[in-house]
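1. turn this into a structure:
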Amino acid sequence: MSQSKFYSQKYRKEWESVPEFKGWLKPVIGDDCRAYCAYCKSDMLAKIYDIRKHCATAKHINKSKPHNPATQSTLPQLVKKVDKCKSSEATMAMAIAEHCSLLACDHLGMACKAAFSDSVAATNFQMHRTKCTEMIRGVLAPYFLKRVTSDVGDEKFSLLLDKSTDVSVSKYLGVVIRYFSAIKRTVVSTFLGLVELEGSDAKSIAKAVVELLKKCNLKKENLHGIGTDKASVMTGVHNGVHKILKEECALPNLVLIHCVCHSLQLAVSAASKETIPRSVEYLIRETYNWFSISPKDSVCHN
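-> As a prediction, the model looks like this:
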């Protein structure tokens, strides 16, 4: 009686492309004669008969259901719940930053609770000026700054610069960015940052500009021009901010644009110096300043 020869089948890579085996059939590392099921976490002989037999077992059918594309639509969708109270606080902080003083936040919360007592968000509203300030600084400002810098991208842009001193005698540089928005299909001018200056000299201002661009991930090579008033610290031909940015910051093609309004005011003031009393000019200027102030444009210093 002759002894039958044992048939040894090795794993074949092309089996993985068969529709009924696709996605779960894998080789067993170190053993060419066995196959592995990724769904059931088990192995079997690398024979087509044994693989099809495993494919028909109840265990494999149950394990493969979550991976079946036909059943994906029936799986429950996880929906991220938005905290209505936090959302209302963020909305209120944004409105306050845009339209009024931070001091109003202490009273708006109480007014909302009284006016909208049937609202869960209004009832649980807890935000005073300290929390509102931190929300504007730590949440809203970084978010909108990221949106602006993302919109600028690699486009050319210009900066409008103006130096100011607050009531604490701290010197700040206000920066407005002007660029063409590919999304809005128009030229956009918007606030970019308020930087505290180490000094009032041109080098300190130029350093602040470069550091702000670096912080905002904007390439200084894309800075096409700057707009300033006619102060010598900004426009000086020997040691002005424009001169430093061109030579020391490797921006040889940087364009300097003088503020038209400031230039016009200086021209009118010089022209009327000998003909109109200074008191009349002062009256006209201060009358406009008095009526032009609005809660949106005013800054409350505490």
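
2. which SSE is the most centrally placed residue in the chain in?
-> Among the residues of the chain, the one closest to the centroid is Lys146, at 1.8 Å (CA atoms, centre = their mean). Assigned by DSSP states H and E, Lys146 belongs to helix 141-152.

3. list the strands paired with the helix or strand that that helix is followed by, with their directions.
-> Going down the chain from helix 141-152, the next helix or strand is strand 157-165, by DSSP H and E. Here strand 157-165 is paired, per DSSP bridges, with strand 171-181 (antiparallel), strand 223-228 (parallel).

4. out of those strands, which is the most enclosed?
-> strand 223-228 (a mean of 20; mean count of other CB atoms under 10 Å). The way it works is simple: take the backbone N, C-alpha and C, and place the C-beta from them, glycine included.

5. kindly export it (C-alpha atoms) in PDB.
-> C-alpha atoms of strand 223-228 as PDB (Å, rounded to 0.1, in the frame of the first residue of the first chain):
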ATOM      1  CA  LEU A 223       6.400  92.900   2.100                       C
ATOM      2  CA  HIS A 224       5.800  95.200  -0.800                       C
ATOM      3  CA  GLY A 225       5.400  98.600   0.800                       C
ATOM      4  CA  ILE A 226       4.800 100.500   4.100                       C
ATOM      5  CA  GLY A 227       2.500 103.400   4.700                       C
ATOM      6  CA  THR A 228       3.400 105.900   7.400                       C
END
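
6. buried set for stretch 57-66?
-> His60, Lys63, Ser64 (16 or more other CB atoms under 10 Å).

7. ok, the first one to Val28 distance?
-> In this case it means His60. Spatial separation of His60 from Val28 under the definition CB to CB, to the nearest Å is 17 Å.

8. ok, for Asp32, nearest residue in space, not its chain neighbours?
-> Lys10 (4.5 Å; CB to CB, 6 or more residues apart in numbering).

9. now swap in Lys113 and tell me
-> Ala122 (5.6 Å).

10. now the one you found: how far from Met92?
-> 10 Å.

11. quick one: which of the buried residues of stretch 57-66 is nearest Arg129?
-> Lys63 (57.3 Å; CB to CB).

12. hmm, who's touching the strand or helix carrying the closest one?
-> Here Lys63, judged by DSSP H and E, is contained in helix 58-64. Residues outside helix 58-64 that contact it (CB atoms under 8 Å, 6 or more residues apart in numbering): Trp24, Cys37, Tyr39, Cys40, His54.

13. now with 10 Å?
-> 23-24, 37-42, 53-55, 57, 68, 71 (CB atoms under 10 Å, 6 or more residues apart in numbering).

14. can you check stretch 191-198 too?
-> 141, 144-145, 148-149, 152, 157, 159-161, 163-166, 170-178, 204-205, 207-209, 211-213, 215-216, 218.

15. please enumerate the helices of the chain.
-> For the chain, the helices defined by DSSP state H cover 48-55, 58-64, 84-99, 105-115, 120-123, 129-135, 141-152, 202-215, 232-235, 241-247, 260-271, 278-292.

16. before we move on, the earlier item: overlap of the contact sets of Ala122 and Met92?
-> Residues touching both Ala122 and Met92 by CB under 10 Å, 6+ apart: Gly109, Cys112.

17. low-confidence regions, the stretch 51-200 of the chain specifically.
-> 67-82, 166-168 (pLDDT under 70).

18. again, only using 90
-> 51-56, 58-145, 149-151, 153-155, 162-173, 181-185, 191, 193-200 (pLDDT under 90).

19. circling back: ok, which pair from the contacts of helix 58-64 is furthest apart?
-> Lys53 and Thr71 (23.5 Å).

20. mind listing what's buried in the helix holding Lys146?
-> Leu145, Val148, Thr149, Asp151, Val152.

21. and that helix, how far out from the chain middle?
-> 3 Å (CA atoms, centre = their mean, to the nearest Å).

22. can you give me the angle it makes with strand 171-181?
-> Taking axes from the mean of the first three to the mean of the last three CA atoms, to 10 degrees, one finds helix 141-152 and strand 171-181 inclined to each other by 40 degrees.
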